[in-house]
Structure formats: C-alpha cells, structure tokens
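Visitor: just need the structure, nothing else, for what follows:
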Amino acid sequence: MKKIKIAIVGIGNCASALLQGLYYYRQHPGKHSSGLMNWDLGGYCPSDIVVAAAFDIDRRKVGSDVSKAIFQAPNCTTVFQPEVPEIGVTVQMGALLDGVPEHMHDLDPQFCFDPSRQPDSTQEAVVGELKNSGAQVLINYLPVGSQQATEFYMNCALEAGVAVVNCIPVFIASNPDWASRFSARGLPLIGDDVKSQMGATIVHRVLTDLFRQRGVELERTYQLNTGGNTDFLNMLDRNRLSSKKQSKTEAVQAVAAKRLADSNIHVGPSDYVPWQRDNKIGFIRMEGKIFGDVSIDLEMRLSVEDSPNSAGVVIDMIRCAQLALDRGQGGVLQAPSAFFCKHPPEQFTDDEAFRLVSKFISGPHKAPPKPKPLFPPVREEKTGSR
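Guide: Residues are numbered from 1 along each chain as shown. Reported below is the predicted structural model:
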C-alpha cells in the first residue's frame with residue numbers, strides 16, 4: 001500500500017500529538033487495539049501516513065525539522081513519544097493574516113515572529129511547496145477564528161490539487177460555496193471542527209441522545225470547558241468564538257428530541273487556566289423531566305489531555321480522504337464529516353453516522369460479474385429454401 005503524504009498547517013499541540021502518535025504506533029504495533037477506532041482503514045495503517053510539508057508562523061518552529069518543531073514552546077501537550085526521528089521536512093513560513101490575535105503577541109513576546117520579518121508567504125509559494133512535496137492531504141490546524149488564514153490555505157489546496165481535512169470551526173465543508181469549489185476540482189473535503197475521541201461534545205451528544213431515546217424531556221443544559229493550552233489562550237478573544245460556539249451548540253442540538261431555546265443551552269469554551277496546560281476539563285449539566293414530570297438533574301466532570309484526544313480521529317480522517325482520492329471521489333465526504341466532525345453539512349445521530357462511515361470505508365459495492373457458462377452455446381445453423 002502506498003504512503004499517504006500530508007501537509008500540516010499549524011505546528012501546535014494537535015500536530016505534536018498527531019506526529020507523536022504516528023511514531024508511537026509504528027514502534028508499538030501490538031497496541032493497535034488501544035486508542036484507535038481503526039487500525040486498518042481501507043488498507044491503510046497509521047504507519048502509512050508521512051509528513052511531506054509543514055507551515056507555521058512562530059520563529060521558534062520555522063526553519064526546524066518538524067520532528068523538533070513539535071516540541072517547541074508554546075506547545076505543552078503530553079509527551080508520550082519523546083523520540084520522534086528527524087524526517088527531513090522543514091517547517092516553512094506561512095501566512096499570518098488573522099491567524100494570531102493581538103492579545104497573544106502582548107502576552108508572550110517570544111510568540112509568533114520577528115516583527116522585522118512579517119510572515120508574508122504568498123499563495124504561489126505555498127502552492128509550490130505543496131506540489132513539490134507531493135502532499136495529497138492538507139490538515140488545517142490553525143487557531144479558532146482564523147477565517148482569512150483558513151480561506152488562504154483552502155485556495156492553496158484547490159490550486160495545488162490537494163484534499164483537505166478541516167479540523168477547526170471555520171466553516172468550509174458546511175459552506176455550500178466552498179463545498180462546490182472542492183467538488184468542481186474533484187478534491188475530497190472533510191469538515192468542519194474535529195470531534196475528539198472522548199471529548200466533552202461527543203459525551204454531551206451521547207447523553208442528549210440518551211435523554212431522547214429514554215423519553216426524558218431535556219429542559220436546559222450547559223457545557224463549560226477550561227484549559228491552559230494556546231487554543232484556550234487564543235479564545236480569550238471572544239470575537240473569535242462565534243463559529244466555535246455555533247459548532248459545539250449545533251452538535252448537541254442536532255440530537256435533542258426538540259430544539260432548545262437559545263436561553264436554555266450554553267455550549268462553549270469558558271476560560272483559560274494556564275497551569276492546566278493541555279489538560280481540558282469539561283463540566284456538563286443537564287436538567288429535565290422524567291415520568292410524571294418528576295425532575296432529574298445530571299452533572300458530569302471530564303478531564304482529558306486535549307490534543308491526543310483528537311489525534312486518533314484525525315488519523316482516520318486522513319485515511320478516509322485518501323480513500324476518496326483513490327476512488328476518484330471529490331467534494332464533501334458526507335459520512336466521514338458527520339462521524340468525525342462537530343459541524344458537518346448534514347447532522348446524524350452518532351450511531352447512524354458510525355453506520356454510514358463504516359459503509360464508506362468498506363467502499364462502493366460492485367455487482368458481481370455474471371458467471372460464464374461451462375460450455376459455449378451450440379450455434380444452430382439457419383436453413384432456408386433455395
């Protein structure tokens with residue numbers, strides 16, 4: 001089976017967890033049943049994924065081999081695979097645009113870039129790197145709220161002929177205009193906003209669906225999250241949160257028995273707690289009524305390392321994108337988007353999304369060929385009158 005060459009935009013905590021995981025499972029093949037939803041997905045294993053290109057705007061990462069850049073500050077995710085061999089791919093300077101809010105420049109003077117050298121990568125430069133590297137799938141790991149920067153890289157992917165896995169809540173797959181552009185180019189697109197393996201949103205969805213299935217009337221609910229990584233630091237700028245809040249809220253509303261009034265549902269990031277680092281703590285509360293209108297309250301606390309929690313899901317998203325490339329299938333991949341993402345173009349319950357993505361992975365079913373006869377038919381000679 002051939003390798004899947006990926007390009008990564010944003011060498012932060014998520015990229016670090018992804019690359020660590022690729023080498024962890026390469027060195028521990030016996031762990032294939034631990035932490036991954038699929039070891040073999042359509043014939044591709046995690047070890048078949050290789051990094052071909054990488055982009056960032058932090059001067060501590062640009063110019064370094066990706067294997068070194070993933071451990072540079074401000075990255076703070078858990079190091080579970082300390083030995084990542086040098087892979088010979090240098091992190092290239094990307095385009096800044098709206099990728100970093102102003103308050104992050106002030107909070108960390110070392111963050112981002114040398115002011116005398118603004119990140120000014122052109123589309124031509126990025127497209128050239130994508131083509132020269134042979135990248136097949138681009139992973140968007142930009143910070144939440146990076147609308148302009150995301151659209152810049154989407155245009156680059158379209159021009160370079162590269163599939164896209166959009167891991168953030170900037171709406172691309174769920175935007176009909178972008179979806180049609182990828183369809184017209186025959187390029188697979190999966191998005192938007194990755195749904196972590198065992199994150200607050202997927203747990204909140206499952207509990208909401210359970211309320212629906214068991215006939216419990218959900219009256220009001222909230223999900224509050226705290227963390228200390230750069231994702232939560234970035235989201236201190238509330239102006240960057242509109243799409244994130246919409247993505248997480250709709251993921252829960254989609255499986256409720258009836259849509260809750262806006263005043264009765266709050267789903268979204270809450271605050272930045274520096275000492276938590278990459279640990280994310282989620283608080284979920286659900287209030288409702290059971291038989292006889294008797295009240296029921298449910299409260300849950302979830303603590304999980306944020307970046308490794310999404311890495312295994314992204315590995316599956318990458319492989320689904322590659323399967324679509326192999327099959328010549330372009331446009332939004334509806335089943336993988338519904339199962340792996342919070343804000344797909346079309347929402348399904350998680351059980352139904354799982355069934356659909358399993359069907360997608362198994363591939364299009366071809367009608368079996370008609371059996372050949374054991375003996376050729378006897379040709380009858382035509383007779384006619386003279």
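
Visitor: drop to CA atoms for contacts and neighbour counts, all remaining ones
Guide: Fine.

Visitor: can you list the buried residues in the helix or strand where residue 131 lies?
Guide: Using DSSP states H and E, residue 131 maps to helix 123-133. Within helix 123-133, the residues scored as buried using 16 or more other Cα atoms under 10 Å are 123, 126-127, 129-131, 133.

Visitor: again with stretch 148-164
Guide: Buried-residue list, stretch 148-164, by 16+ other Cα under 10 Å: 149-150, 152-164.

Visitor: ok, stretch 48-58 next?
Guide: Quick answer for stretch 48-58 (16+ other Cα under 10 Å): 49-58.

Visitor: could I get the contacting residues of residue 88?
Guide: 65-66 (Cα atoms under 8 Å, 6 or more residues apart in numbering).

Visitor: who's in contact with residue 35?
Guide: residue 312.

Visitor: picking that back up, and which of the buried residues of stretch 148-164 is nearest to residue 188?
Guide: residue 163 (5.0 Å; Cα to Cα).

Visitor: which one is the closest one nearest to, not counting chain neighbours?
Guide: Once flanking residues are discounted, residue 163 sits nearest to residue 137: 4.6 Å by Cα to Cα, 6 or more residues apart in numbering.

Visitor: which residues does that neighbour contact?
Guide: 4-7, 162-165, 318, 321-322.

Visitor: can you list those in JSON lines and add pLDDT?
Guide: Converted to JSON lines, the contacts of residue 137 look like this (pLDDT from 0 to 100):
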{"residue": "4", "pLDDT": "98"}
{"residue": "5", "pLDDT": "98"}
{"residue": "6", "pLDDT": "98"}
{"residue": "7", "pLDDT": "98"}
{"residue": "162", "pLDDT": "98"}
{"residue": "163", "pLDDT": "98"}
{"residue": "164", "pLDDT": "98"}
{"residue": "165", "pLDDT": "98"}
{"residue": "318", "pLDDT": "98"}
{"residue": "321", "pLDDT": "98"}
{"residue": "322", "pLDDT": "98"}
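
Visitor: who touches the helix or strand hosting residue 301?
Guide: Under the criterion of DSSP H and E, residue 301 resides in strand 295-305. Strand 295-305 is touched from outside by 77-78, 199-200, 278-290, with contacts defined as Cα under 8 Å, 6+ apart.

Visitor: how about a cut-off of 6 Å?
Guide: 278-289 (Cα atoms under 6 Å, 6 or more residues apart in numbering).
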